[in-house]
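A.B. asks: What shape does this take:
(one chain, ligands or ions: 2)
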Amino acid sequence: MKTYKICVIEGDGVGKEVIPETVQVLEELGNFQFIYEHAGYECFKKYGSAIPERTLKSAKECDAILFGAVTTPKPGELEKKLYKSPILTLRKELDLYANIRPISNFKDIDFIIIRENTEGLYSGREYYNPYTEEAIAERVISKKGCHRIIKFAFEYALKHHRKKVSCIHKANVLRITDGLFLKVFYELSEYYRRFNIIADDYLVDATAMYILKNPKMFDIIVTTNLFGDILSDEASGLLGGLGLAPSANIGNSYGLFEPVHGSAPDIAGKGVVNPLASILSGAMMLYYLGMKEESKILRNAVKSVLEKGHITPDLGGKLKTKEVTNKILEELNKII
Ligand code: IPM
Ligand code: MN
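C.D. replies: Numbers count the residues shown, from 1 in each chain. Ligands and ions are numbered 1, 2, ... in the order given. The predicted model follows:
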């Protein structure tokens with residue numbers, strides 16, 4: 001069996017707790033060489049950079065990247081000026097344009113949010129004009145950016161036997177930017193009609209309501225950066241919170257896998273964080289590396305553990321982080 005090189009960035013807070021659990025689980029399923037690198041706020045305080053060159057270089061040299069979570073300094077803190085978000089830097093530097101966020105409770109809820117990951121309101125083009133006293137953020141929507149993320153969503157639908165792709169936007173107000181996103185969406189949908197993939201669209205505000213009222217109406221959602229960020233946190237509420245929300249950041253050359261949750265300083269160090277979002281991100285990594293069977297085995301192990309109620313406090317259970325991991329390992333040992 002091939003040995004894969006994985007760049008591991010634990011980051012801050014609960015990132016340091018969920019990643020070791022994920023590594024332990026992955027070791028049961030394949031051969032990996034884990035290469036540990038630093039990033040985040042602690043790294044910033046220690047080395048003067050939140051994402052050192054060495055980390056970026058190593059990320060580029062590995063077959064995939066496993067990322068925990070990092071703490072962002074509070075606004076007003078002096079360091080903020082120099083602080084560069086590690087995850088945004090990685091997404092940009094590695095051109096990880098597709099952020100896949102499955103929303104599944106392994107029962108009735110099962111849809112996927114595909115979020116554009118490199119532009120929109122995250123383009124970093126934000127400034128203050130002291131003469132007009134206006135703070136301005138530019139929302140960059142490029143034709144190329146639209147094309148590649150929408151194509152990615154349709155191809156994903158094809159590959160995973162999904163029936164419908166919904167474009168989520170605010171083109172009634174953002175006529176030019178989201179107008180372009182919607183136009184490219186329907187242009188591309190023409191081609192995918194021959195595969196019987198349905199294409200429709202909804203306004204983002206209405207979508208926020210539909211996600212709560214009728215989540216089953218969605219199959220694949222494709223949307224711009226900030227809308228995808230907000231909707232994916234909202235949708236994870238359907239699963240009991242961020243503890244079950246994994247993600248994959250994919251580009252043409254690299255893949256980075258991370259739980260959607262942050263570093264959660266309030267519960268960090270207590271051993272109670274839910275490791276499943278990170279472990280499910282590990283399953284997405286296995287799929288990306290071509291280890292499809294192993295990925296399925298891991299997802300099934302998570303499903304069994306949930307069915308048996310072996311869960312952490314965020315989902316209403318009493319188990320500690322490590323106890324949940326041990327339950328996963330027990331399930332894996334039954335199969336392999
Ligand atoms: C996420 C996070 C990031 C984002 C932050 C940490 C920059 O919220 O991955 O959803 O906004 O994309
Ligand atoms: Mn977010």
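
A.B. asks: Tell me the pLDDT of Lys80.
C.D. replies: Reported pLDDT at Lys80 in the predicted model: 61.

A.B. asks: how about the helices in the chain?
C.D. replies: Along the chain, counting by DSSP state H, helices occupy 15-27, 41-47, 53-61, 86-93, 143-159, 177-192, 204-213, 225-236, 276-288, 292-307, 321-335.

A.B. asks: Could you measure from whatever residue of the stretch 151-300 of the chain ends up closest to ligand 1 over to Met1?
C.D. replies: Using C-beta to the nearest ligand atom, the point where the stretch 151-300 of the chain gets nearest to ligand 1 is Asp229, with a distance of 4.6 Å. (C-beta placed from N, C-alpha, C; glycine too.) Remark: distance between Asp229 and Met1 (C-beta to C-beta, to the nearest Å) = 37 Å.

A.B. asks: Counting neighbours around each, name which of the two comes out higher.
C.D. replies: Asp229 (20 against 6; other C-beta atoms under 10 Å).

A.B. asks: contacting residues for that one?
C.D. replies: Residues near Asp229 by C-beta atoms under 8 Å, 6 or more residues apart in numbering: Arg115.

A.B. asks: what do you get for Asn196?
C.D. replies: Applying C-beta under 8 Å, 6+ apart to Asn196 gives the contacts Lys163.

A.B. asks: same check, this time on Lys143
C.D. replies: Lys143 makes contact with Leu180, Val184, according to C-beta under 8 Å, 6+ apart.

A.B. asks: same question, Ser85
C.D. replies: Neighbouring residues of Ser85 by C-beta under 8 Å, 6+ apart: Ala50, Val70, Thr72.

A.B. asks: Could you count how many residues lie near the residue nearest to Ala199 when sequence neighbours are not counted?
C.D. replies: Once flanking residues are discounted, Ala199 sits nearest to Ser189: 3.5 Å by C-beta to C-beta, 6 or more residues apart in numbering. Close neighbours of Ser189, defined as other C-beta under 10 Å, add up to 18.

A.B. asks: before we move on, the earlier item: just the helices of the chain: most buried one?
C.D. replies: helix 276-288 (a mean of 26; mean count of other C-beta atoms under 10 Å).

A.B. asks: Okay, angle between it and helix 15-27 too, please.
C.D. replies: Here the directions of helix 276-288 and helix 15-27 differ by 40 degrees (axes from the mean of the first three to the mean of the last three C-alpha atoms, to 10 degrees).

A.B. asks: re earlier: could you point out which of the helices of the chain sits nearest Pro246?
C.D. replies: For Pro246, the closest of those is helix 276-288, at 3.7 Å, according to C-beta to C-beta.

A.B. asks: got the contact list for the closest one?
C.D. replies: Looking at what lies outside helix 276-288 - C-beta under 8 Å, 6+ apart - the contacts are 6, 18-19, 21-22, 25-26, 29-30, 64, 66, 68, 100, 102, 242-248, 250, 255, 257-261, 292, 294-295, 298-299, 302, 305-306, 324-325, 328.

A.B. asks: which among those are in contact with ligand 1?
C.D. replies: Val260 (C-beta under 6 Å from any ligand atom).

A.B. asks: picking that back up, can you tell me which of the contacts of Ser85 is nearest ligand 1?
C.D. replies: The shortest approach to ligand 1 among the contacts of Ser85 belongs to Thr72, at 6.4 Å (C-beta to the nearest ligand atom).

A.B. asks: Roughly how far does the closest one sit from Glu17?
C.D. replies: Distance, Thr72 to Glu17, by C-beta to C-beta: 18 Å.

A.B. asks: got it, and Ile65?
C.D. replies: For Ile65 relative to Glu17 (C-beta to C-beta), the value is 18 Å.

A.B. asks: Would you mind naming the residues that bridge with the residue most central in space within the chain?
C.D. replies: Per C-alpha atoms, centre = their mean, the C-alpha nearest to the average position across the chain is that of Ser247, at 2.8 Å. When bridges are taken as DSSP bridges, the partners of Ser247 come out as Glu258.

A.B. asks: List the residues that contact it.
C.D. replies: Contacts of Ser247 by C-beta under 8 Å, 6+ apart are Asn99, Ile100, Arg101, Ser232, Phe257, Glu258, Pro259, Val260, Ser281, Met284.
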